[in-house]
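Colleague: starting from these lines, generate the structure:
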Amino acid sequence: MINKDTIIVTDSSCDLSDETLEKLNIKMIPLRIITKTQEYRDRFELSPEELYDIMENELPTSSLPLPEDVENMYNKLYQEGYKNIIHLTISSGLSGTYNMIKLVAEDFKDKLNIYVVDTKTLSGGLGTLVLRAVEELKIGTPIENIIEKIHALRQKQLGMFIVRTLEYLRKGGRIGLVEGVVGSLLQIKPVIFVNDDGIYQTISKARGFIKAKSTMMQQAIERYKNELVDIYIVHGLALEEAKEIAEKLKSTLNIKNLTIAPVSPVLAIHTGKGLIGMIITPVKA
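Modeller: Residues are numbered from 1 along each chain as shown. The predicted model follows:
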């Protein structure tokens, strides 16, 4: 039985398309991008292309959603008759969003049952978990069980990416456990993954970006060669490379759903142009 009293909310780091959000009635709270002269709501007021143009002249900073944006969303959903909200957020290890959402949710405890879930991931990793939550909601899975399933899936999910330079991760304070593994003169590129604590760590290394792509794909193949999986490939203005990787993975893995998407502006601040990432999630936990 479909639970019509419950709705899924996430944030703009999920990298789900506007069409998907609208079709599945998923609500999205924008994180913020701050430049020297202006502040933008991620995706609502700034596209990836516009963000990269700004980065030619300055490095913007990312920030939490505005509390009033969250409050307005919750009030609107309450007025529409919803009783329960499952709010899946970007990793608390990479953003203060989760903690802020928890505080706002506390103010609504007399109106709504709000379940705030720290997914310990971001980008297509978060997006995939959001989609799975929607699927479970549609078949009437109880909320507590949905959250249990999301946590179980996250434990089996692997999100990895490579960047042209670590400069942006370093400047943005998102370097996590990656620091110290790279020899720039030797063009050693780390394949970075989001660990169980929801922060960045090196899973392997390769010499040069091309070899790093192969290494990243090999990690996926070795870990998931015997499973049915959903794959999310994200990129920073590198669509053709993303498509090439998708074709190679199609021939080596058993894939149910494969999505290619640009990384959101608020995440691109920390990765720069040329990012290639992949998130692999087993269909069954």
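Colleague: and the helices in the stretch 101-250 of the chain?
Modeller: 123-138, 143-156, 167-171, 209-224, 239-250 (DSSP state H, counting those that start in this stretch).
Colleague: off-centre distance for the shortest one?
Modeller: The reference is to helix 167-171. The chain centre lies 18 Å from the centre of helix 167-171; the measure is CA atoms, centre = their mean, to the nearest Å.
Colleague: tell me which other helices or strands that helix touches.
Modeller: Using 3 or more CB pairs under 8 Å, 6 or more residues apart in numbering; DSSP states H and E, no helix or strand is in contact with helix 167-171. (Glycine included, C-beta is placed from N, CA and C.)
Colleague: mind checking pLDDT for the closest residue to residue 49 other than its chain neighbours?
Modeller: Spatial nearest neighbour of residue 49, chain neighbours left out: residue 237 (7.5 Å); criterion: CB to CB, 6 or more residues apart in numbering. pLDDT, residue 237: 96.
Colleague: from what I can see residue 237 touches residue 273, true?
Modeller: Yes: shown here, residue 237 and residue 273 form a contact pair, counting by CB atoms under 8 Å, at 5.0 Å.
Colleague: shared neighbours, the two?
Modeller: residue 52 (CB atoms under 8 Å, 6 or more residues apart in numbering).
Colleague: circling back: ranking the helices of the stretch 101-250 of the chain by burial, who's on top?
Modeller: helix 123-138 (a mean of 24; mean count of other CB atoms under 10 Å).
Colleague: one step back: tell me the contacts of the residue nearest to residue 49?
Modeller: Residue 237 makes contact with 48-49, 52, 262, 273-274, according to CB under 8 Å, 6+ apart.
Colleague: return the member of those nearest to residue 209.
Modeller: Nearest to residue 209 among those is residue 274, at 7.8 Å by CB to CB.
Colleague: for that closest one, grab phi and psi.
Modeller: phi 90, psi 0 (degrees, to the nearest 10).
Colleague: who does the residue lying closest to residue 105 once chain neighbours are set aside form a beta bridge with?
Modeller: Distances taken as CB to CB, 6+ apart place residue 114 nearest to residue 105, at 4.0 Å, with adjacent residues excluded. Counting by DSSP bridges, residue 114 is bridged to residue 85.
Colleague: from residue 89, how far out is residue 114?
Modeller: To residue 89, residue 114 is 12 Å away according to CB to CB, to the nearest Å.
Colleague: quick one: which of these two has more around it?
Modeller: residue 89 (27 against 21; other CB atoms under 10 Å).
Colleague: okay, that one: pLDDT?
Modeller: 98.
Colleague: now swap in residue 175 and tell me
Modeller: Reported pLDDT for residue 175: 77.
Colleague: what sits against the nearest residue to it once chain neighbours are set aside?
Modeller: Nearest residue to residue 175, sequence neighbours excluded (CB to CB, 6+ apart): residue 169, at 4.9 Å. Taking CB under 8 Å, 6+ apart, we find residue 169 in contact with 163, 175-176, 178, 200, 270-271.
Colleague: check residue 193 too.
Modeller: Residue 193 sits next to 158-161, 200-203 when contact means CB under 8 Å, 6+ apart.
Colleague: cutoff 7 Å now
Modeller: Residue 193 sits next to 158-160, 201, 203 when contact means CB atoms under 7 Å, 6 or more residues apart in numbering.
Colleague: residue 273 now?
Modeller: Residue 273 is in contact with 52, 164, 236-237, counting by CB under 7 Å, 6+ apart.
Colleague: do that again at 6 Å, thanks
Modeller: 52, 236-237 (CB atoms under 6 Å, 6 or more residues apart in numbering).
Colleague: looking at the residues you listed, which one is closest to residue 132?
Modeller: For those, the nearest to residue 132 is residue 236 (25.1 Å; CB to CB).
Colleague: specify the local secondary structure of the nearest residue to residue 158 once chain neighbours are set aside.
Modeller: Using CB to CB, 6+ apart and skipping the chain neighbours, the partner closest in space to residue 158 is residue 280 (5.1 Å). Three-state call for residue 280 (DSSP: H, G, I helix; E, B strand; the rest coil): strand.
Colleague: before we move on, the earlier item: show me the contacts of residue 237 that map onto strands.
Modeller: Mapping the contacts of residue 237 onto strands (DSSP state E) picks out residue 262.
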